[in-house]
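Trainee: Everything below, folded, please.
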Amino acid sequence: MESKSLKRNVLLIIGSVLLFLILSFSQDIVQAIKFNSDNINVKTLEIKEDLNGINFDLKYPEIEYADKSVKDKINTSLKDQILEFKQYIEDIYKEFISSVPKELVENSLSSKFIGMSDFEYEIVDCILSVRLNLIQFTGGAHPMTYRRDFNFDLRTGNVLKFGDLFNEEGKKTYKDKVDSFIKNIINNNPDDYFPNEFKGIGDNVQYYLTKDNIVIFYQLYELAPYSSGIPEFKIPYSLFEGDIKINPSN
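Mentor: Model prediction:
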């Protein structure tokens, strides 16, 4: 009797494990089938306003995609960034007119504040990689551009940090590999950078993806003079061999 009961319990345990594996595997298959980059369309939305003292020409992406929850999560993140930037320009202008004499505001060419944006994107494997350029002219010698990165997992809508691109082995070595790669470029081009400013990529490095490279970038003045533009470092996927989880050829 005890032998039959033991066998029954063992069979139940084995069956439960098999069911779990089958369900997990099936979920992965469904998720893989569900995602198809051909079903994603990226269109341009625009906010154009000519207000008293501020001019806006803001272009940003919106995706069309069958998975509504993923689509809404991505589109909300992108629109929120644009609206946050717009509010930032408006707040600066309000501060400007409250602190400068009215006559100077009316007669100054620099009193017309400008906020613009443009974007580029790439779909690499199951990742939508967007770089959004936020451009402001709020006085001074030249406009300022701030680049914002968004790398969305198109299966979930979640934003991927740089470290999320790597498997467990890759997570142990990717920082050292990238740091060495970037230091070598800076050392070979000392006139283009502030040589002592690069301290390593850390955990919150900004990046975007292309078919051939991971591109790490820094903001104006972070690593180089304004004349050098936004510093970019194009890192080939081959640097990470089999330690990266995405397949750029897909």
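Trainee: Quick check: Asn75 is in a helix.
Mentor: Yes: using DSSP: H, G, I helix; E, B strand; the rest coil, the assignment for Asn75 is a helix.
Trainee: How many residues are close by the closest residue to Gly200 other than its chain neighbours?
Mentor: Nearest-residue entry for Gly200: Asp179, 4.8 Å, with adjacent residues in sequence omitted and distances by C-beta to C-beta, 6 or more residues apart in numbering. Every residue, glycine included, has its C-beta placed from N, CA and C. Residues near Asp179, counting by other C-beta atoms under 10 Å, number 15.
Trainee: How about the one 4 residues further on?
Mentor: Residues within reach of Lys183, counting by other C-beta under 10 Å, total 13.
Trainee: same question, Arg148
Mentor: Arg148, neighbours per other C-beta under 10 Å, totals 18.
Trainee: ok, it touching Gln81?
Mentor: Yes: assessed by C-beta atoms under 8 Å, Arg148 is found in contact with Gln81 at 6.0 Å.
Trainee: residues shared between the contacts of the two?
Mentor: In terms of C-beta atoms under 8 Å, 6 or more residues apart in numbering, Arg148 and Gln81 are both contacted by the residues Leu132, Leu134.
Trainee: Give me the phi and psi for the nearest residue to Ile40 once chain neighbours are set aside.
Mentor: With sequence-adjacent residues excluded and distances taken as C-beta to C-beta, 6+ apart, Ile40 is closest to Tyr65, at 5.2 Å. Torsion angles at Tyr65 (phi, psi; degrees, to the nearest 10) stand at phi -160, psi 140.
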